[in-house]
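Chemist: What shape does this take:
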Amino acid sequence: MESSVKEAKCVNCGAPLRFDPESARLVCEWCGSVFEIQEGGFEPVPVDERPDGTMPEELPVYLCGSCGAEVVADAVSASVKCPYCGNNVVLTDKVSGGLRPDGVIPFAIDKKALPAAVQSYYKGKKLLPFGFFKESNITDVVGVYVPFWLYDCSLEGTAVFEGATHTSSREGNYVTTETNYYEFTRGVNVDFKDIPVDGSARLEDALMDSLEPFDLNGIKPFRADYLAGFLAERFDKGSEEVRKRAEDRMVTSAMSVLRSEASKGYSNVSEKSRDVTAHPTATRYVLLPVYTFNVAHKGQKYSFAMNGQTGKVVGHIPTDKGVKALRNLGIFAAVFAVLMLIFSLVSC
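Modeler: Residues are numbered from 1 along each chain as shown. Next comes the predicted model:
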């Protein structure tokens, strides 16, 4: 069964176009033509009208408009490259109807910026293996629009805390400390807007969370033109499936603020119980720009990602045990030297 596709083509020469992050335009690398992307309105689709993320077992087949080859796509890809001619093919049935995103943040950074961004990320990482800077290299770079759910939610409820105060007094050679304990209740009533959670099962959640924040003011009405030259995925985790992650993040954030406020006037505060309820108010489905890549070093590959809007880099980096041991030895030597200096001054 053949499915529908959309390709961005140059009207001057017919070659495929790609979205250029630096100019925010469609460019033709064959004849050099440049085209503006026409902004238009959009009608957000209510979340309850979207599919629940269940994928069909049969893989759909698409025809490449450039070379006519049959392209087989997996169930969650929304934009793929033809393996024969390299043309980018947007799978329109994955981004229409109930699957149409409410918005997209276009790539703002070209992949040429990756090496400098990664080098900057390495700075301050004291435990990297010797020679890692020179011997590692970036591989498997993919620019992909990752599906995210944005949640609006209201939190309300109460939390019970126990606070303690300490008062000390000296009587001769003795110091007496009096500790008083208090139990008190604090209320929480706060609204959250656009808390992002990725809807892709193929990408590591912790890696995607670490890429935040995205500037959500940069969301534009969805147009398939932004996908030209990049890969894209449709969600395979429905909004209800990942909603609890968003609500847990909101509760954690709210309780952190509440605990900070509750600590004022006390020596220490501990939480005894809470009764906080989340009330979802709205959900949006958007595509956010991410570069995924690996850093290869001595036969090992380490997963990295870069925020395609802000340039923030996150990733898994190796730790050299020898470097760590030397660093700990250096710290020990410094502390030992200070202690010896203090001892010598006391002895004098």
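
Chemist: pLDDT averaged over the longest strand anywhere in the chain, what's the number?
Modeler: If each strand of the chain is counted by residues according to DSSP state E, the longest one is strand 137-171. pLDDT averaged over strand 137-171 equals 91, rounded to a whole number.

Chemist: Can you name the element that comes right after it?
Modeler: Downstream of strand 137-171, the first helix or strand assigned by DSSP states H and E is strand 174-198.

Chemist: What lies in contact with the following helix or strand past that next one?
Modeler: Next helix or strand after strand 174-198 toward the C-terminus (DSSP H and E): helix 205-210. With contact meaning CB atoms under 8 Å, 6 or more residues apart in numbering, helix 205-210 is reached by V146, D198, S200, R245, V290, S303, A305, V314, G315. Glycine gets a C-beta too; all of them are placed from N, C-alpha and C.

Chemist: ok, now with 6 Å
Modeler: Residues from elsewhere that reach helix 205-210 (CB atoms under 6 Å, 6 or more residues apart in numbering): D198, A305, V314.

Chemist: next one: the strand or helix carrying L287 to chain centre, how far?
Modeler: Here L287, judged by DSSP H and E, is contained in strand 268-297. In terms of CA atoms, centre = their mean, to the nearest Å, the centre of strand 268-297 is found 9 Å from the chain centre.

Chemist: Number the residues from 40 up from this point.
Modeler: Understood, numbering begins at 40; the last thing we discussed is strand 307-336.

Chemist: which one of the contacts of helix 244-249 is nearest F269?
Modeler: Nearest to F269, judged by CB to CB, of the contacts of helix 244-249 is A344 at 14.3 Å.

Chemist: Could you give me the buried positions within the helix or strand containing that closest one?
Modeler: Element membership for A344, per DSSP H and E: strand 339-346. Counting neighbours by 16 or more other CB atoms under 10 Å, one finds that the buried residues in strand 339-346 are F343, A344, M345, N346.

Chemist: So what touches the helix or strand that that strand is followed by?
Modeler: Next helix or strand after strand 339-346 toward the C-terminus (DSSP H and E): strand 352-354. If you take CB under 6 Å, 6+ apart as the criterion, strand 352-354 is touched by A156, V157, Y160, S249, L250, F343, A344, M345.

Chemist: Please convert those to CSV, extending it with distance to F269 and pLDDT.
Modeler: As requested, those are arranged in CSV below (distance: CB to CB, whole Å; pLDDT from 0 to 100):
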residue, distance to F269, pLDDT
A156, 18, 92
V157, 19, 88
Y160, 22, 85
S249, 21, 92
L250, 16, 94
F343, 17, 91
A344, 14, 93
M345, 13, 95
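
Chemist: Redo those residues as TSV? Include distance to A147.
Modeler: Formatted as TSV, the contacts of strand 352-354 follow (distance: CB to CB, whole Å):
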residue	distance to A147
A156	13
V157	18
Y160	18
S249	19
L250	14
F343	18
A344	15
M345	11
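
Chemist: Can you tell me which of these is closest to S208?
Modeler: Nearest member of those to S208, counting by CB to CB, is S249, at 48.8 Å.

Chemist: now the closest one: how far from P186?
Modeler: 17 Å (CB to CB, to the nearest Å).

Chemist: who has more neighbours, these two?
Modeler: The residue with more neighbours, out of S249 and P186, is P186; 24 against 14, by other CB atoms under 10 Å.

Chemist: shouldn't the more buried one be in contact with G277?
Modeler: No - contact between P186 and G277 fails when scored by CB atoms under 6 Å: they sit 10.5 Å apart.

Chemist: What number of residues are in the vicinity of the spatially closest residue to F58 that is not a sequence neighbour?
Modeler: Of all residues not flanking F58 in the chain, A267 sits nearest, at 4.7 Å (CB to CB, 6 or more residues apart in numbering). Neighbour count of A267, defined by other CB under 10 Å: 24.

Chemist: Was I right to think A267 contacts L56?
Modeler: Yes - counting by CB under 6 Å, L56 is a contact partner of A267 at 5.3 Å.

Chemist: which residues do those two both contact?
Modeler: A47.

Chemist: between the contacts of strand 352-354, which is closest to T204?
Modeler: Distance to T204 across those (CB to CB) is lowest for S249, with 38.6 Å.

Chemist: Next, find the distance separating the closest one from L327.
Modeler: Counting by CB to CB - S249 and L327 are separated by 13 Å.
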